[in-house]
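Chemist: Got a sequence here, can you model it:
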Amino acid sequence: MLFKTSQAQRVPFAWFVVLCALSAAAFFPIAEVAFTLPKILGFSLLSLCGVIWVLGSNAASSLSLLPRRMTGWFLLLFFVAVVATALRSQAPLMSLFGAAPRVEGVLTYALYGCLFCIVFCLARKPAGDTALLQAILSSNALLVVYGFLQFFGTDPLAMFWADQSFLGRTFSFAGQPNAFALFIVLTFPLVAYNAVCAKKTDERRFLLLLLSMNLVVLFTTASRGGLVGLLAGTVCLLAVENPLRRRMVTLAREARLLLLAGCLGLLIIGSSAFADRFMQESSARSTNARMFLWQDTIALLYEHPLGIGPEILGVMYPQYKSAELLGLEPLRAGVDRAHNKPLDLLVIAGPAGLLAYYAAVISAVVLAVRFRKKQQSLLPLAAGLVSAQVALLFAFDTILTAAFTWIFLGWMLGLAWSDRRDTPASAAGTLLSIVLGLIALCTTALALQWSTQRMVLERAEAAFAVGSVSTAAGLYVQAVHIAPWDRASILRAAESYLHVAESLPAGAQRNGMLDMARQMLDRNERLTGDIDGMTSLLRAWHAALLPDAASLDRFAQEAKNRMPTTVDTYRILAHSYQRIGDTAQARQIEQQLIDLLPAHWQDSTGAARVLWKDNPWLQELLN
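Modeler: Modelled structure (predicted):
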């Protein structure tokens, strides 16, 4: 298994093992770049190397198998549905490139398809199965061991993380606790299967230790969805007759004691540290928040039954957001995912995309069960895929988890359809490989360009914070020019220009700032069409600074229609009316804001203590 392959077999695929593990752990210690873009860059480079290998080894002929199987057509239909929905999107440029912080546009989905095809070809090679196993186990070990260090307070990279935002929950290189839990439940069955079935003593001890650490670290993520997914995967792994069940009976007493003692002892430590996360009140709050979120997403889908395209939910959701969420989540929390995979697929790709995706997943699992005796890796791969899909009923994919899901799909189909014979050379397969290479080049360029832009944006924010207004203004313009599809940077630039203009006396400099803000808002309107409430809201502020009362009234009404339960809507509008001297209207809007807040919001030392800590501006409403 892990140590079985000879040196001659390992060398050709060492690039895959190394790049896969490095991509899983990739990060950059700048808040504006962090985890997502480095992982896209890593998986893009992995795909680029993979395409070179496919073209150089005649493995492209394997791709001609995909159109001959129904599962291949399901996968093709899914990608077509994503592209078709993006083309109908009201913000097609955002749907193509993606939006911060998830960066999961059409190009990223194309990257997933590229990974799938490369792994499919790799799995059909004699040494490919072993290389893939090494890659997954190495990636799992890298993230889990680092998560283990985080949990015990020995994190060598702690200086880079603002982990207080996760209340001490372990997030490792995944960047978010729930994403880390999802990665663990996806790869856990493969680790468990190989740990129990390993024949060499050293290999078995290492994998059993890794298995114990997986369980402990999963618990420290405090992800309830992850635990449900793990249970589902374990049931799948043990429900079907396979070598794992037989080996569990004959497993050495030493190994069983090691696994049991390690898990029990460390889970006790974890439970004492994270019991609050599983208390009834906390659990109820989280469950209620998800219920409202799902309800709002269904309301959006009722009006847009064919989906709205990738990365558009964050722009359109405020129009449907329930006021009750303000009492369950942070007041200024944004929503760009439905926290439910089926709903997210309906939003991104419509009913056709949803059906095609689950048809492909189900058919891959059925194939894995059918051919499990022929290829031993198939059953744990299927169990991991089922685990992840169950956990995703309460969560959403990130770059890390989505990339490994598509790697699993490619691996499963490559093994299930592998007869270890070369297929005839195919011009179509070669052409598809070239297309995949172009996709990998595009996503590599995207990751590099966007990372550069986010670094420039970080410098702009720093310059603005120290009062270097002219420097910050130039850097904001540079950032927007580097990545003109990035809505977040456009809005931050416009908001910064308005903030500076408000503090300046009447004159050329103030007018220049107002003009730059207007240009940014015009750019955002071209990017997002007429669906972005933030454009209307900032235009209202801009009108108040001119001043233009008629335009302020018009944009204020637009903003309230598009973001009726967003706290910032009422704060900025109240401030804007104060600027033009309309105190009565400002007070009326402040009262509307108060009506939105949770009933206990005034209890600053009791039930609303955290609310006041995160939102000190609430004092203004009391005054």
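Chemist: Without its sequence neighbours, what residue ends up closest to residue 83?
Modeler: Ranked by C-beta to C-beta, 6 or more residues apart in numbering and with sequence neighbours excluded, the top spatial neighbour of residue 83 is residue 106, at 5.9 Å. Quick note: C-beta positions are derived from backbone N, CA and C, even for glycine.
Chemist: The one you found contacts residue 312, doesn't it?
Modeler: No. Contact criterion C-beta atoms under 8 Å: residue 106 and residue 312 do not qualify, at 11.9 Å.
Chemist: Now for the two: what residues contact both?
Modeler: Counting by C-beta atoms under 8 Å, 6 or more residues apart in numbering, the contacts common to residue 106 and residue 312 are residue 95.
Chemist: Report the contact partners of the residue nearest to residue 83.
Modeler: Counting by C-beta under 8 Å, 6+ apart, residue 106 makes contact with 82, 83, 86, 95, 96, 310.
Chemist: how much space between it and residue 87?
Modeler: Using C-beta to C-beta, to the nearest Å, we find residue 106 at a distance of 9 Å from residue 87.
Chemist: Likewise for residue 407?
Modeler: 27 Å.
Chemist: same thing with residue 71?
Modeler: Distance, residue 71 to residue 87, using C-beta to C-beta: 25 Å.
Chemist: How about residue 387?
Modeler: The value you get for residue 387 to residue 87, if C-beta to C-beta is used, is 34 Å.
Chemist: swap in residue 60?
Modeler: Distance, residue 60 to residue 87, using C-beta to C-beta: 28 Å.
Chemist: hang on, the earlier thing: of residue 387 and residue 87, who's got more company?
Modeler: residue 387 (28 against 12; other C-beta atoms under 10 Å).
Chemist: which one is the more buried one nearest to, not counting chain neighbours?
Modeler: In this structure, residue 387 finds its nearest non-sequential neighbour in residue 233, 3.0 Å apart by C-beta to C-beta, 6+ apart.
Chemist: same deal with residue 29?
Modeler: In this structure, residue 29 finds its nearest non-sequential neighbour in residue 160, 4.2 Å apart by C-beta to C-beta, 6+ apart.
Chemist: right, and residue 390 touches residue 227 too?
Modeler: No. Using C-beta under 8 Å, residue 390 is not in contact with residue 227; the gap is 10.4 Å.
Chemist: any weak-confidence spans in the protein?
Modeler: The model of the chain has pLDDT under 70 over residues 1-12, 31-32, 162-167, 240-287, 419-426, 604, 606-607, 623.
Chemist: List phi and psi for the residue nearest the centre of the chain.
Modeler: Nearest residue to the geometric centre of the chain (C-alpha atoms, centre = their mean): residue 398, 2.3 Å. The phi/psi pair for residue 398 (degrees, to the nearest 10) reads phi -120, psi 180.
Chemist: Also residue 330?
Modeler: With angles defined as degrees, to the nearest 10, residue 330 sits at phi -50, psi 140.
Chemist: can you check residue 28 too?
Modeler: Torsion angles, degrees, to the nearest 10, at residue 28: phi -130, psi 130.
Chemist: For it, give me its contacts.
Modeler: Each residue near residue 28 by C-beta under 8 Å, 6+ apart is listed here: 34, 37, 38, 451.
Chemist: got a winner among the residues you listed for most neighbours?
Modeler: residue 37 (27 neighbours).
Chemist: Remind me which helix or strand it belongs to.
Modeler: Here residue 37 sits within helix 36-56, counting by DSSP states H and E.
Chemist: What residues does residue 364 make contact with?
Modeler: Listed by C-beta under 8 Å, 6+ apart, the contact set of residue 364 reads 71, 382, 385, 409, 412, 413, 416.
Chemist: Leaving out chain neighbours, which residue sits closest to it?
Modeler: The shortest distance from residue 364 to any non-neighbouring residue, by C-beta to C-beta, 6+ apart, is to residue 412 (4.9 Å).
Chemist: which stretch of helix or strand covers that neighbour?
Modeler: Using DSSP H and E, residue 412 maps to helix 399-416.
Chemist: quick one, phi psi at residue 57?
Modeler: Dihedral angles for residue 57 - degrees, to the nearest 10 - are phi -110, psi 10.
Chemist: Could you pull up the residues touching it?
Modeler: No residues are in contact with residue 57 under the rule C-beta under 8 Å, 6+ apart.
Chemist: That one and residue 427, how far apart?
Modeler: Taking C-beta to C-beta, one finds residue 57 at 17 Å from residue 427.
Chemist: do the same with residue 175
Modeler: Between residue 175 and residue 427 the computed distance is 42 Å (C-beta to C-beta).
Chemist: what do you get for residue 215?
Modeler: Where residue 427 is concerned, residue 215 sits at a distance of 49 Å (C-beta to C-beta).
Chemist: more crowded one of the two?
Modeler: Taking other C-beta under 10 Å, residue 215 and residue 427 do not tie; residue 215 has more neighbours (21 against 10).
Chemist: Go through whichever strand or helix holds the more buried one and flag the buried ones.
Modeler: Using DSSP H and E, residue 215 maps to helix 201-220. By neighbour count with 16 or more other C-beta atoms under 10 Å, helix 201-220 contains the buried residues 203-220.
Chemist: Wait, the residue nearest to the centre of the chain touches residue 180, no?
Modeler: No. Counting by C-beta under 8 Å, residue 180 is not a contact partner of residue 398; they are 9.4 Å apart.
Chemist: what residues are shared contacts of those two?
Modeler: Common contact partners of residue 398 and residue 180 (C-beta under 8 Å, 6+ apart): residue 174.
Chemist: Now do the phi/psi pair for residue 34.
Modeler: The phi/psi pair for residue 34 (degrees, to the nearest 10) reads phi 50, psi -120.
Chemist: That one: what's it in contact with?
Modeler: Counting by C-beta under 8 Å, 6+ apart, residue 34 touches 27, 28, 101, 175.
Chemist: now it: how far from residue 337?
Modeler: According to C-beta to C-beta, residue 34 and residue 337 sit 17 Å apart.
Chemist: cool, and residue 614?
Modeler: 21 Å.
Chemist: Same question for residue 146.
Modeler: 25 Å.
Chemist: Kindly report the same for residue 539.
Modeler: Applying C-beta to C-beta, the value for residue 539 to residue 337 is 27 Å.
Chemist: do residue 569 as well
Modeler: Counting by C-beta to C-beta, the gap from residue 569 to residue 337 is 22 Å.
Chemist: In terms of secondary structure, what does the longest helix anywhere in the chain contact?
Modeler: In the chain, with assignment by DSSP state H, the single longest helix is helix 427-465. With contacts taken as 3 or more C-beta pairs under 8 Å, 6 or more residues apart in numbering; DSSP states H and E, helix 427-465 sits against helix 36-56, helix 106-123, helix 469-482, helix 487-503.
Chemist: if we go to 10 Å?
Modeler: On a contact count with 3 or more C-beta pairs under 10 Å, 6 or more residues apart in numbering; DSSP states H and E, helix 427-465 meets helix 36-56, helix 92-97, helix 106-123, helix 469-482, helix 487-503.
Chemist: quick one: the strands in the stretch 101-250 of the chain?
Modeler: Here the stretch 101-250 of the chain has no strands by DSSP state E, counting those that start in this stretch.
Chemist: what ranges do the helices span in it?
Modeler: With DSSP state H, counting those that start in this stretch as the criterion, the stretch 101-250 of the chain has helices at 106-123, 128-151, 177-197, 201-220, 224-239, 243-250.
Chemist: Now find how far off-centre the first one is within its chain.
Modeler: Averaging C-alpha coordinates over helix 106-123 and over its chain gives two centres that are 17 Å apart (C-alpha atoms, centre = their mean, to the nearest Å).
Chemist: Over to stretch 168-179?
Modeler: The answer for stretch 168-179 is 12 Å, by C-alpha atoms, centre = their mean.
Chemist: and if you look at stretch 576-585?
Modeler: Put simply, stretch 576-585 sits 41 Å off its chain's centre (C-alpha atoms, centre = their mean).
Chemist: So which residues make contact with it?
Modeler: Contact with stretch 576-585 is made by 498, 502, 537-538, 540-549, 552-553, 555-556, 559, 573-574, 586-590, as judged by C-beta atoms under 10 Å, 6 or more residues apart in numbering.
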